[in-house]
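Trainee: let's see this in three dimensions:
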Amino acid sequence: MQSATRAFLNYLKIERNASELTTKSYADDLAHICEFFQEQTGAIPDPRNVDVGILRSYVSYLHECGYARTTVARRLACLRSFFRYCNREGICETNPAKPLRTPRAGRKLPHFLTTDQVGTLLTTPPANSDAGIRDRAILETMYSAGLRVSELVGLSVSDWDRPAGILRVLGKGRKERLAPVGSFATKALDQWMTVRHPDLKAPEKQRSAIFLNRFGRRLTTRSIGRMLEGHILSAGLSTQTTPHTLRHSFATHLLDGGADLRSVQELLGHKSLTTTQIYTHVSTRRLRETYEKAHPHAARNRAS
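Mentor: Numbers count the residues shown, from 1 in each chain. Here you go, the predicted structure:
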C-alpha cells in the first residue's frame, strides 16, 4: 500500500501537474484510510486485497465520526482516483471504490461582508509600519482580484503587470487566468513595493514572491490566516470571517453591481458556472430582505 501510495502521489505531481496543496491533501486522505485499515484489521492491506465492503465500512466510520459531507466527498474522490490509478497500472484488478456513492453536499450560502465592512477591514492595518503596509496591500489585492489565499501566496513579482493593471494567477488545477487589479489595490501594492525587502540569500522562488514575511521570504497560507484573524478582531467583525470571505464578498458585490454571471465566473476562475451560481442566491436573499424592510405591504404582512 505504501509503495502504491508513493507512486500515485508521484503520478499526481509529475503527470497530472497537481499543486503541492492538492498532493498534500491526497496524501493526508490516504494516510487517514491506512490508519482505519490498521485499527480495523490490524494491518494495512495490499491494494489488491481491498474490497468495496471495507471501503463502505470506512464511509460509515466517517459519518459516525461526524465528518462534514464535503470532507467525506473529498476522501471518496481521493479513493476513486487512487484505485483507478492502481487498476490502470495493474496493481489491482478492479476499482473497489467505484460503486461508492458520494453524499450530496448541502449548498450553504457563503459568508460575505458589506461594502462598509470591507472598507473597515481594509483600513485596519496600520499605515505607519512595513507590516501594516504589506497587510493593507494583501487585503486590497485579495478583495480587488477575488483571489484564493493559495493564489495570493503563489504570486511572484513577475506576475504583476502594473501598466495593464492585471495579475497572472495560477488557480486550482494549475489553471492560469488574468485577474484585473483596481486602483486602490494598485496604490497599496505600489506602497508595499517601496518597503518590500527580499532575502537575497534565499532561493529565487522564495525571494521573488510579491508578499514576503519578516524574513524576506514567501508568505504561507497559514500566515495569511493568522494575520487576518488579528485584523478581524481589531475591526470588530464576525468571527465567521476568513480569508475566503473577501473572495465571497468580491463575487457578491460584483453581482450586486450588475456584473453578469459569466463574467464573475471568469474572474473567479471557476470551471463550472454552477459553482458561481451560489452567489446569485446570496444576491436574491439580500433583495428579499431589502423588500421586506422597505415595502409597505411586506411590512403589513410581517405585522399580521
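Trainee: residue contacts, Gln265?
Mentor: Contact analysis of Gln265 by CB atoms under 8 Å, 6 or more residues apart in numbering lists Leu273, Thr275, Thr276. C-beta here means a position set from N, CA and C on the backbone, and glycine is covered the same way.
Trainee: Three-state assignment for it, please.
Mentor: Each residue gets one of three states, and Gln265 gets helix by DSSP: H, G, I helix; E, B strand; the rest coil.
Trainee: all strands of this protein, in order?
Mentor: With DSSP state E as the criterion, the chain has strands at 160-161, 166-170, 176-180.
Trainee: hey, which of the ones you listed is tucked in deepest?
Mentor: strand 166-170 (a mean of 18; mean count of other CB atoms under 10 Å).
Trainee: looking at the protein, which helix or strand does the model trust least?
Mentor: Least confident helix or strand of the chain, by mean pLDDT, DSSP states H and E, is helix 296-303 with a mean of 54.
Trainee: distance of the residue nearest to Tyr143 when sequence neighbours are not counted from Gly171?
Mentor: Spatial nearest neighbour of Tyr143, chain neighbours left out: Leu246 (4.7 Å); criterion: CB to CB, 6 or more residues apart in numbering. According to CB to CB, to the nearest Å, Leu246 stands 16 Å off from Gly171.
Trainee: the two: who's more crowded?
Mentor: More crowded of Leu246 and Gly171, by other CB atoms under 10 Å: Leu246, with 28 against 19.
Trainee: check whether the more buried one really touches Ala145, as I assumed.
Mentor: No: checked against CB atoms under 8 Å, the pair Leu246 and Ala145 is beyond contact range at 9.7 Å.
Trainee: okay, and for the stretch 151-300 of the chain, where does confidence drop off?
Mentor: Applying pLDDT under 70 to the stretch 151-300 of the chain picks out residues 281-291, 293-300.
Trainee: ok, and the closest non-adjacent residue to the most centrally placed residue in the chain?
Mentor: Among the residues of the chain, the one closest to the centroid is Arg148, at 5.1 Å (CA atoms, centre = their mean). Excluding the flanking residues, the one nearest Arg148 by CB to CB, 6+ apart is Arg247, at 6.3 Å.
Trainee: what comes up buried for stretch 37-48?
Mentor: Phe37, Ile44, Pro47, Arg48 (16 or more other CB atoms under 10 Å).
Trainee: alpha carbons of it, as PDB, please.
Mentor: Extracted in PDB, the C-alpha atoms of stretch 37-48 (Å, rounded to 0.1, in the frame of the first residue of the first chain):
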ATOM      1  CA  PHE A  37      -7.300  -0.200   8.000                       C
ATOM      2  CA  GLN A  38      -4.700  -0.600  10.800                       C
ATOM      3  CA  GLU A  39      -7.300  -0.200  13.500                       C
ATOM      4  CA  GLN A  40      -9.900  -2.400  11.900                       C
ATOM      5  CA  THR A  41      -7.800  -5.300  10.600                       C
ATOM      6  CA  GLY A  42      -4.500  -4.900  12.500                       C
ATOM      7  CA  ALA A  43      -2.600  -4.400   9.300                       C
ATOM      8  CA  ILE A  44      -2.500  -2.200   6.200                       C
ATOM      9  CA  PRO A  45      -3.600  -4.400   3.300                       C
ATOM     10  CA  ASP A  46      -2.200  -4.700  -0.200                       C
ATOM     11  CA  PRO A  47      -4.400  -2.600  -2.600                       C
ATOM     12  CA  ARG A  48      -5.400  -5.800  -4.500                       C
END
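Trainee: any idea how far it is from the middle of the chain?
Mentor: Relative to its chain's centre, stretch 37-48 lies at 32 Å (CA atoms, centre = their mean, to the nearest Å).
Trainee: list of residues touching that stretch?
Mentor: Met1, Gln2, Ala4, Cys34, Ile54, Ser57, Phe83, Cys86, Ile91, Cys92, Glu93.
Trainee: try 10 Å this time
Mentor: Residues from elsewhere that reach stretch 37-48 (CB atoms under 10 Å, 6 or more residues apart in numbering): 1-5, 8, 33-36, 49-51, 54, 57-58, 61, 82-83, 85-87, 89-94, 96.
Trainee: what about the residue nearest to Tyr143, distance to Thr70?
Mentor: Leu246 is 21 Å from Thr70, by CB to CB.
Trainee: ok, now Tyr279?
Mentor: 18 Å.
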